[in-house]
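J.: Okay, here's the prediction I keep looking at, along with the sequence it came from:
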Amino acid sequence: MDELFNKNQKILIAGTLVGGKTTDIFIDETGIIAGIGEGIRNQHREDADLVMDGSGTIALPGLVNTHTHAAMSLLRGYADDMILQDWLSQKIWPLEAHLTPADVYWGTKLACLEMIKTGTVAFNDMYFMMEEAARAVDEAGIRATLSYGFIDLFSPEKREAECKATESLVRHIRSMNNPRIRPAVGPHALYTVSPEGLKWCAEFSTQEKIAIHIHLSETEKEVTDCIAQHGKRPAAHLDECGILTPRTVAAHCCWLDEAECTLLGKRGVSASHNPSSNMKLSTNRAMPYHRLAAAGANPCLGTDGCASNNNLDMFEEAKTAALLQKFFWNNPTILPAHEALAMAGANGSKALGLPTGSLTAGSPADLVLVRRDTPCNTPLHNAASNLVYSCNGSAVETTICNGCILMLEGQVPGEEEILAGASAAARELVKRAQSK
Ligand SMILES: [Zn+2]
(Lines give C-alpha, C1' and ligand atoms only; values in the text may rest on other atoms or scores of the structure.)
Protein backbone atom coordinates (compact mmCIF):
# COMPACT_ATOMS: atom_id res chain seq x y z
CA MET A 1 0.00 0.00 0.00
CA ASP A 2 2.95 2.34 0.72
CA GLU A 3 3.60 2.85 -3.01
CA LEU A 4 0.33 4.83 -3.29
CA PHE A 5 1.55 7.68 -1.09
CA ASN A 6 3.40 10.97 -1.60
CA LYS A 7 3.62 10.88 -5.37
CA ASN A 8 1.77 12.27 -8.35
CA GLN A 9 -0.45 9.81 -10.17
CA LYS A 10 -3.73 9.86 -12.05
CA ILE A 11 -6.46 9.40 -9.44
CA LEU A 12 -10.17 8.90 -10.07
CA ILE A 13 -12.44 9.42 -7.07
CA ALA A 14 -15.75 7.88 -8.08
CA GLY A 15 -19.08 8.82 -6.52
CA THR A 16 -18.17 11.17 -3.70
CA LEU A 17 -20.52 13.93 -2.55
CA VAL A 18 -19.83 17.58 -3.51
CA GLY A 19 -22.41 20.25 -2.72
CA GLY A 20 -25.04 17.58 -2.09
CA LYS A 21 -24.53 15.89 -5.50
CA THR A 22 -22.86 12.60 -6.39
CA THR A 23 -19.69 13.64 -8.19
CA ASP A 24 -16.55 12.12 -9.73
CA ILE A 25 -13.18 13.83 -9.42
CA PHE A 26 -10.23 13.15 -11.72
CA ILE A 27 -6.75 14.29 -10.64
CA ASP A 28 -4.06 14.31 -13.33
CA GLU A 29 -0.36 13.42 -13.02
CA THR A 30 0.58 17.07 -12.35
CA GLY A 31 -1.60 17.21 -9.22
CA ILE A 32 -4.38 19.30 -10.81
CA ILE A 33 -8.11 18.59 -10.69
CA ALA A 34 -8.50 17.89 -14.41
CA GLY A 35 -12.18 16.98 -14.29
CA ILE A 36 -15.04 17.15 -11.83
CA GLY A 37 -18.68 16.28 -12.39
CA GLU A 38 -21.34 13.67 -12.60
CA GLY A 39 -20.41 10.62 -14.66
CA ILE A 40 -16.89 11.60 -15.72
CA ARG A 41 -15.70 8.23 -14.36
CA ASN A 42 -16.44 6.51 -17.68
CA GLN A 43 -14.07 8.89 -19.43
CA HIS A 44 -11.22 8.31 -16.97
CA ARG A 45 -11.59 4.78 -15.62
CA GLU A 46 -9.15 3.39 -18.18
CA ASP A 47 -6.31 5.91 -17.81
CA ALA A 48 -6.45 6.33 -13.99
CA ASP A 49 -3.56 4.78 -12.04
CA LEU A 50 -5.80 4.52 -8.99
CA VAL A 51 -9.58 4.38 -8.76
CA MET A 52 -10.99 5.24 -5.33
CA ASP A 53 -14.52 4.35 -4.35
CA GLY A 54 -15.83 7.70 -3.08
CA SER A 55 -19.31 6.45 -2.22
CA GLY A 56 -19.73 6.85 1.50
CA THR A 57 -17.69 10.08 1.53
CA ILE A 58 -18.07 13.86 1.28
CA ALA A 59 -15.31 15.75 -0.59
CA LEU A 60 -14.27 19.24 0.45
CA PRO A 61 -11.23 21.49 -0.10
CA GLY A 62 -8.40 20.68 2.31
CA LEU A 63 -8.47 22.93 5.38
CA VAL A 64 -5.96 25.71 6.04
CA ASN A 65 -4.74 26.55 9.54
CA THR A 66 -3.76 30.23 9.38
CA HIS A 67 -2.16 30.60 12.81
CA THR A 68 -0.12 28.06 14.68
CA HIS A 69 3.21 27.28 16.28
CA ALA A 70 3.48 23.68 15.12
CA ALA A 71 6.42 22.53 17.23
CA MET A 72 4.52 23.48 20.39
CA SER A 73 2.78 20.12 19.95
CA LEU A 74 5.56 18.84 22.26
CA LEU A 75 4.14 21.11 24.99
CA ARG A 76 0.61 19.73 24.65
CA GLY A 77 -0.84 19.32 28.13
CA TYR A 78 2.35 20.41 29.89
CA ALA A 79 0.66 23.38 31.61
CA ASP A 80 -3.02 24.34 31.52
CA ASP A 81 -5.55 26.36 33.48
CA MET A 82 -3.25 29.28 34.33
CA ILE A 83 -3.23 33.08 33.89
CA LEU A 84 -1.65 33.96 30.52
CA GLN A 85 1.37 35.85 31.93
CA ASP A 86 2.09 33.18 34.62
CA TRP A 87 1.58 30.41 32.08
CA LEU A 88 4.12 31.99 29.75
CA SER A 89 6.72 33.09 32.29
CA GLN A 90 6.55 30.12 34.70
CA LYS A 91 5.90 27.23 32.34
CA ILE A 92 6.16 27.84 28.60
CA TRP A 93 9.22 30.11 28.28
CA PRO A 94 11.42 28.09 30.73
CA LEU A 95 10.67 24.93 28.76
CA GLU A 96 11.17 26.65 25.40
CA ALA A 97 14.62 27.81 26.58
CA HIS A 98 15.69 24.15 26.38
CA LEU A 99 14.30 23.44 22.90
CA THR A 100 16.76 21.98 20.41
CA PRO A 101 16.53 21.88 16.61
CA ALA A 102 15.68 18.17 16.89
CA ASP A 103 12.73 19.05 19.17
CA VAL A 104 11.39 21.50 16.59
CA TYR A 105 11.76 18.80 13.93
CA TRP A 106 9.86 16.17 15.94
CA GLY A 107 7.26 18.66 17.20
CA THR A 108 6.54 19.80 13.64
CA LYS A 109 6.46 16.19 12.41
CA LEU A 110 3.85 15.42 15.07
CA ALA A 111 1.85 18.54 14.18
CA CYS A 112 1.89 17.69 10.46
CA LEU A 113 0.71 14.16 11.23
CA GLU A 114 -2.16 15.50 13.33
CA MET A 115 -3.09 18.00 10.60
CA ILE A 116 -3.07 15.35 7.87
CA LYS A 117 -5.21 13.06 10.02
CA THR A 118 -7.76 15.84 10.64
CA GLY A 119 -7.98 17.19 7.08
CA THR A 120 -5.60 20.18 7.12
CA VAL A 121 -3.33 20.50 4.07
CA ALA A 122 -1.67 23.90 4.67
CA PHE A 123 -0.64 25.97 7.67
CA ASN A 124 0.85 29.30 8.66
CA ASP A 125 3.58 28.84 11.25
CA MET A 126 5.69 31.12 13.43
CA TYR A 127 8.39 29.71 15.68
CA PHE A 128 12.15 29.23 16.12
CA MET A 129 14.73 26.97 14.45
CA MET A 130 12.44 26.96 11.44
CA GLU A 131 14.94 25.22 9.16
CA GLU A 132 14.00 22.07 11.08
CA ALA A 133 10.30 22.85 10.71
CA ALA A 134 10.87 23.18 6.95
CA ARG A 135 12.54 19.75 6.89
CA ALA A 136 9.56 18.21 8.70
CA VAL A 137 7.05 19.88 6.31
CA ASP A 138 9.08 18.75 3.30
CA GLU A 139 8.83 15.15 4.49
CA ALA A 140 5.15 15.38 5.51
CA GLY A 141 3.96 16.49 2.07
CA ILE A 142 1.69 19.35 3.15
CA ARG A 143 1.96 23.08 2.46
CA ALA A 144 3.32 25.62 4.92
CA THR A 145 4.17 29.29 5.15
CA LEU A 146 7.01 29.47 7.66
CA SER A 147 8.23 32.50 9.58
CA TYR A 148 10.88 33.03 12.20
CA GLY A 149 9.37 34.63 15.33
CA PHE A 150 11.04 38.08 15.21
CA ILE A 151 11.35 39.44 18.80
CA ASP A 152 13.77 42.38 19.33
CA LEU A 153 12.49 43.46 22.76
CA PHE A 154 13.25 47.07 21.71
CA SER A 155 17.03 46.47 21.63
CA PRO A 156 18.98 47.62 18.52
CA GLU A 157 21.56 44.80 18.91
CA LYS A 158 18.86 42.14 19.19
CA ARG A 159 17.07 43.72 16.21
CA GLU A 160 20.09 43.25 14.02
CA ALA A 161 20.30 39.57 15.00
CA GLU A 162 16.58 39.08 14.32
CA CYS A 163 16.88 40.67 10.86
CA LYS A 164 19.75 38.29 10.07
CA ALA A 165 17.80 35.27 11.35
CA THR A 166 14.81 36.27 9.20
CA GLU A 167 16.95 36.75 6.07
CA SER A 168 18.70 33.46 6.70
CA LEU A 169 15.41 31.51 6.95
CA VAL A 170 14.09 33.08 3.74
CA ARG A 171 17.32 32.11 1.94
CA HIS A 172 17.17 28.59 3.34
CA ILE A 173 13.55 28.00 2.29
CA ARG A 174 14.22 29.39 -1.19
CA SER A 175 17.19 27.02 -1.52
CA MET A 176 14.93 24.05 -0.76
CA ASN A 177 13.06 24.85 -3.98
CA ASN A 178 9.90 23.16 -2.73
CA PRO A 179 6.80 24.93 -4.09
CA ARG A 180 4.75 23.69 -1.09
CA ILE A 181 6.94 25.61 1.38
CA ARG A 182 7.00 29.42 1.42
CA PRO A 183 8.87 31.83 3.63
CA ALA A 184 7.22 34.71 5.50
CA VAL A 185 8.35 37.41 7.89
CA GLY A 186 7.05 36.97 11.45
CA PRO A 187 7.20 40.06 13.69
CA HIS A 188 5.82 38.48 16.87
CA ALA A 189 3.66 41.36 18.18
CA LEU A 190 3.82 45.11 18.79
CA TYR A 191 4.71 44.56 22.48
CA THR A 192 7.78 42.43 21.63
CA VAL A 193 8.97 44.24 18.48
CA SER A 194 10.10 47.89 18.28
CA PRO A 195 8.62 50.27 15.68
CA GLU A 196 11.99 50.11 13.87
CA GLY A 197 11.80 46.31 13.86
CA LEU A 198 8.22 46.40 12.55
CA LYS A 199 9.21 48.83 9.79
CA TRP A 200 12.12 46.61 8.77
CA CYS A 201 9.77 43.58 8.59
CA ALA A 202 7.29 45.54 6.44
CA GLU A 203 9.99 46.67 4.02
CA PHE A 204 11.58 43.24 3.85
CA SER A 205 8.19 41.66 3.10
CA THR A 206 7.62 44.12 0.23
CA GLN A 207 11.11 43.64 -1.15
CA GLU A 208 10.90 39.82 -1.01
CA LYS A 209 7.16 39.68 -1.91
CA ILE A 210 6.47 37.43 1.08
CA ALA A 211 3.70 37.27 3.66
CA ILE A 212 3.65 38.87 7.12
CA HIS A 213 2.49 36.86 10.14
CA ILE A 214 1.83 38.76 13.38
CA HIS A 215 -0.24 38.61 16.59
CA LEU A 216 -2.66 41.53 16.97
CA SER A 217 -4.85 42.66 19.88
CA GLU A 218 -5.02 39.37 21.72
CA THR A 219 -5.48 40.99 25.13
CA GLU A 220 -6.94 44.22 26.50
CA LYS A 221 -3.56 44.96 28.10
CA GLU A 222 -1.95 45.04 24.66
CA VAL A 223 -4.41 47.79 23.67
CA THR A 224 -4.06 49.94 26.81
CA ASP A 225 -0.25 49.62 26.81
CA CYS A 226 -0.10 50.53 23.12
CA ILE A 227 -2.24 53.64 23.64
CA ALA A 228 -0.08 54.65 26.63
CA GLN A 229 3.17 54.10 24.71
CA HIS A 230 2.31 55.20 21.18
CA GLY A 231 -0.82 57.31 21.61
CA LYS A 232 -2.84 55.11 19.28
CA ARG A 233 -4.57 51.76 19.13
CA PRO A 234 -2.70 48.63 17.92
CA ALA A 235 -4.00 48.48 14.32
CA ALA A 236 -3.18 52.17 13.73
CA HIS A 237 0.30 51.63 15.17
CA LEU A 238 0.93 48.63 12.91
CA ASP A 239 -0.42 50.54 9.93
CA GLU A 240 1.98 53.39 10.58
CA CYS A 241 4.82 50.85 10.53
CA GLY A 242 3.60 49.45 7.17
CA ILE A 243 2.57 46.07 8.56
CA LEU A 244 -1.06 46.01 7.33
CA THR A 245 -1.08 44.66 3.76
CA PRO A 246 -3.08 42.14 1.68
CA ARG A 247 -0.21 39.71 2.43
CA THR A 248 -0.66 40.09 6.20
CA VAL A 249 -2.23 37.50 8.49
CA ALA A 250 -3.03 39.04 11.88
CA ALA A 251 -3.79 36.45 14.55
CA HIS A 252 -6.40 36.81 17.32
CA CYS A 253 -7.77 40.34 16.60
CA CYS A 254 -9.96 40.04 19.72
CA TRP A 255 -9.91 43.66 20.91
CA LEU A 256 -10.25 45.56 17.62
CA ASP A 257 -12.67 48.47 17.70
CA GLU A 258 -14.91 49.51 14.81
CA ALA A 259 -12.33 51.86 13.22
CA GLU A 260 -9.64 49.17 13.40
CA CYS A 261 -11.94 46.68 11.63
CA THR A 262 -12.50 49.27 8.89
CA LEU A 263 -8.75 49.82 8.61
CA LEU A 264 -8.04 46.07 8.31
CA GLY A 265 -10.71 45.87 5.62
CA LYS A 266 -9.24 48.82 3.73
CA ARG A 267 -5.78 47.26 3.79
CA GLY A 268 -7.10 43.82 2.77
CA VAL A 269 -5.68 42.10 5.85
CA SER A 270 -6.57 38.50 6.76
CA ALA A 271 -7.74 38.18 10.38
CA SER A 272 -7.09 34.75 11.87
CA HIS A 273 -9.69 33.85 14.49
CA ASN A 274 -8.33 31.53 17.20
CA PRO A 275 -11.39 30.85 19.37
CA SER A 276 -10.15 27.84 21.39
CA SER A 277 -6.96 29.58 22.46
CA ASN A 278 -8.86 32.79 23.26
CA MET A 279 -11.39 30.95 25.41
CA LYS A 280 -8.76 28.82 27.16
CA LEU A 281 -6.64 31.84 28.08
CA SER A 282 -9.79 33.92 28.63
CA THR A 283 -9.03 36.98 26.53
CA ASN A 284 -12.50 38.17 27.53
CA ARG A 285 -13.53 39.18 24.02
CA ALA A 286 -14.22 37.43 20.71
CA MET A 287 -12.87 38.65 17.38
CA PRO A 288 -15.53 40.94 15.82
CA TYR A 289 -16.15 38.59 12.89
CA HIS A 290 -19.22 40.40 11.57
CA ARG A 291 -17.51 43.82 11.58
CA LEU A 292 -14.35 42.51 9.91
CA ALA A 293 -16.36 40.67 7.25
CA ALA A 294 -18.54 43.75 6.61
CA ALA A 295 -15.42 45.93 6.33
CA GLY A 296 -13.95 43.65 3.63
CA ALA A 297 -11.18 42.04 5.68
CA ASN A 298 -10.63 38.31 5.14
CA PRO A 299 -11.67 36.42 8.28
CA CYS A 300 -9.96 33.03 8.48
CA LEU A 301 -9.30 30.44 11.15
CA GLY A 302 -6.36 29.08 13.14
CA THR A 303 -5.79 26.81 16.11
CA ASP A 304 -2.82 28.67 17.64
CA GLY A 305 -0.17 26.41 19.21
CA CYS A 306 -1.00 23.10 20.88
CA ALA A 307 -0.07 24.44 24.31
CA SER A 308 -3.14 26.69 24.25
CA ASN A 309 -5.77 24.69 22.38
CA ASN A 310 -4.71 21.70 22.80
CA ASN A 311 -5.09 20.20 19.33
CA LEU A 312 -4.87 21.16 15.65
CA ASP A 313 -8.29 19.94 14.58
CA MET A 314 -9.74 22.59 12.25
CA PHE A 315 -13.21 20.99 12.22
CA GLU A 316 -13.36 21.46 15.98
CA GLU A 317 -12.04 24.99 15.57
CA ALA A 318 -14.77 25.85 13.03
CA LYS A 319 -17.44 24.69 15.47
CA THR A 320 -15.84 26.57 18.35
CA ALA A 321 -15.67 29.72 16.19
CA ALA A 322 -19.35 29.49 15.24
CA LEU A 323 -20.41 28.89 18.85
CA LEU A 324 -18.20 31.60 20.35
CA GLN A 325 -19.34 34.22 17.83
CA LYS A 326 -23.00 33.49 18.50
CA PHE A 327 -22.51 33.42 22.27
CA PHE A 328 -20.28 36.46 22.63
CA TRP A 329 -22.21 38.74 20.26
CA ASN A 330 -25.51 37.35 21.54
CA ASN A 331 -26.80 36.58 18.05
CA PRO A 332 -27.39 33.03 16.75
CA THR A 333 -27.35 34.19 13.11
CA ILE A 334 -23.66 35.24 13.19
CA LEU A 335 -21.18 32.88 11.48
CA PRO A 336 -23.52 30.25 9.98
CA ALA A 337 -22.07 26.81 9.18
CA HIS A 338 -21.20 27.48 5.53
CA GLU A 339 -19.27 30.64 6.49
CA ALA A 340 -17.43 28.80 9.30
CA LEU A 341 -16.44 26.13 6.76
CA ALA A 342 -15.25 28.80 4.29
CA MET A 343 -13.17 30.40 7.07
CA ALA A 344 -11.46 27.04 7.64
CA GLY A 345 -10.91 26.43 3.91
CA ALA A 346 -11.20 28.95 1.06
CA ASN A 347 -10.55 32.04 3.24
CA GLY A 348 -7.43 30.36 4.61
CA SER A 349 -6.17 29.67 1.08
CA LYS A 350 -6.74 33.34 0.23
CA ALA A 351 -4.94 34.42 3.40
CA LEU A 352 -1.84 32.43 2.43
CA GLY A 353 -2.10 33.40 -1.26
CA LEU A 354 -2.61 29.76 -2.29
CA PRO A 355 -4.37 28.78 -5.54
CA THR A 356 -6.39 26.19 -3.56
CA GLY A 357 -9.66 26.29 -1.63
CA SER A 358 -12.18 25.19 -4.24
CA LEU A 359 -13.01 21.92 -5.96
CA THR A 360 -12.95 23.17 -9.54
CA ALA A 361 -11.26 21.98 -12.72
CA GLY A 362 -7.83 23.54 -13.04
CA SER A 363 -7.27 23.94 -9.27
CA PRO A 364 -4.53 22.06 -7.42
CA ALA A 365 -5.95 18.87 -5.92
CA ASP A 366 -5.91 19.80 -2.23
CA LEU A 367 -8.90 17.92 -0.90
CA VAL A 368 -10.15 15.66 1.83
CA LEU A 369 -12.72 12.89 1.92
CA VAL A 370 -14.86 12.71 5.06
CA ARG A 371 -16.72 9.53 5.96
CA ARG A 372 -20.45 9.75 5.47
CA ASP A 373 -21.41 6.42 7.06
CA THR A 374 -20.73 7.54 10.62
CA PRO A 375 -23.18 8.57 13.36
CA CYS A 376 -22.01 12.23 13.11
CA ASN A 377 -22.99 12.33 9.43
CA THR A 378 -26.31 10.52 9.81
CA PRO A 379 -28.70 11.87 8.72
CA LEU A 380 -27.15 14.27 6.23
CA HIS A 381 -29.71 16.99 5.59
CA ASN A 382 -27.03 19.62 5.04
CA ALA A 383 -23.36 18.65 4.71
CA ALA A 384 -22.02 22.03 5.90
CA SER A 385 -24.07 21.73 9.08
CA ASN A 386 -22.79 18.22 9.79
CA LEU A 387 -19.18 19.11 9.00
CA VAL A 388 -19.17 22.11 11.35
CA TYR A 389 -21.57 21.17 14.13
CA SER A 390 -21.44 17.40 14.44
CA CYS A 391 -18.17 16.11 12.97
CA ASN A 392 -14.62 16.51 14.08
CA GLY A 393 -11.38 15.69 12.30
CA SER A 394 -11.62 12.00 13.17
CA ALA A 395 -14.26 11.61 10.42
CA VAL A 396 -11.60 12.44 7.78
CA GLU A 397 -10.66 9.31 5.86
CA THR A 398 -8.41 10.49 3.01
CA THR A 399 -6.21 13.58 2.64
CA ILE A 400 -4.71 14.72 -0.67
CA CYS A 401 -2.34 17.67 -1.13
CA ASN A 402 -1.17 18.90 -4.53
CA GLY A 403 -2.48 15.65 -6.03
CA CYS A 404 -0.44 13.44 -3.66
CA ILE A 405 -2.14 11.09 -1.21
CA LEU A 406 -0.99 11.81 2.37
CA MET A 407 -3.61 9.71 4.14
CA LEU A 408 -5.64 6.88 2.63
CA GLU A 409 -8.50 5.28 4.56
CA GLY A 410 -7.04 6.53 7.83
CA GLN A 411 -3.49 5.29 7.13
CA VAL A 412 -0.48 7.64 7.12
CA PRO A 413 2.88 5.99 6.39
CA GLY A 414 5.39 6.27 9.25
CA GLU A 415 2.80 7.25 11.88
CA GLU A 416 4.23 4.99 14.61
CA GLU A 417 7.74 6.30 14.14
CA ILE A 418 6.54 9.92 14.40
CA LEU A 419 4.56 9.26 17.58
CA ALA A 420 7.56 7.49 19.14
CA GLY A 421 10.04 10.20 18.06
CA ALA A 422 7.86 13.05 19.32
CA SER A 423 7.10 11.31 22.63
CA ALA A 424 10.79 10.74 23.27
CA ALA A 425 11.68 14.34 22.35
CA ALA A 426 8.98 15.72 24.71
CA ARG A 427 10.14 13.44 27.56
CA GLU A 428 13.78 14.48 27.19
CA LEU A 429 12.86 18.18 26.90
CA VAL A 430 11.03 18.17 30.23
CA LYS A 431 13.90 16.22 31.84
CA ARG A 432 16.46 18.80 30.62
CA ALA A 433 14.33 21.71 31.88
CA GLN A 434 13.83 20.12 35.31
CA SER A 435 17.47 19.11 35.86
CA LYS A 436 18.99 22.54 35.25
ZN1 LIG B 1 0.18 32.52 18.49
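T.: Looks like it arrived, so ask away. Numbers count the residues shown, from 1 in each chain.
J.: how about the nearest residue to the spatially most central residue of the chain, chain neighbours excluded?
T.: Centroid check for the chain by C-alpha atoms, centre = their mean gives residue 65 as the closest residue, at 1.7 Å. With sequence-adjacent residues excluded and distances taken as C-beta to C-beta, 6 or more residues apart in numbering, residue 65 is closest to residue 123, at 4.1 Å. C-beta here means a position set from N, CA and C on the backbone, and glycine is covered the same way.
J.: List the strands paired with the helix or strand that the one you found is a member of, with their directions.
T.: Taking DSSP states H and E as the criterion, the element that holds residue 123 is strand 120-127. Here strand 120-127 has these sheet partners by DSSP bridges: strand 63-68 (parallel), strand 143-150 (parallel).
J.: next structured bit after the shortest one?
T.: I take that to be strand 63-68. helix 84-86.
J.: ok so, going back, my guess is the residue nearest to residue 65 contacts residue 115. True?
T.: Yes - here residue 123 lies in contact with residue 115, judged by C-beta atoms under 8 Å, at a distance of 6.3 Å.
J.: Please enumerate the shared neighbours of those two.
T.: The contact sets of residue 123 and residue 115 overlap at 65, 142 (C-beta atoms under 8 Å, 6 or more residues apart in numbering).
J.: Look up the pLDDT of the residue nearest to residue 70 when sequence neighbours are not counted for me, please.
T.: Nearest non-adjacent residue to residue 70, counting by C-beta to C-beta, 6+ apart: residue 111, 3.6 Å away. The model reports residue 111 with a pLDDT of 98.
J.: now swap in the one 5 residues further on and tell me
T.: The predicted local distance difference test score for residue 116 is 98.
J.: Which helix or strand contains it?
T.: Short version, using DSSP H and E: residue 116 is in helix 101-117.
J.: Counting by contacts, list what that helix packs against.
T.: When contacts are defined as 3 or more C-beta pairs under 8 Å, 6 or more residues apart in numbering; DSSP states H and E, helix 101-117 packs onto strand 120-127, helix 130-140, strand 396-401, strand 404-407, helix 415-434.
J.: Work out the gap between it and the centre of the chain.
T.: Here the centre of helix 101-117 is set off from its chain's centre by 13 Å, with C-alpha atoms, centre = their mean, to the nearest Å.
J.: Three-state assignment for the closest residue to residue 163 other than its chain neighbours, please.
T.: Distance criterion C-beta to C-beta, 6+ apart; nearest residue to residue 163, sequence neighbours excluded, is residue 200 at 5.8 Å. Put simply, residue 200 is helix when judged by DSSP: H, G, I helix; E, B strand; the rest coil.
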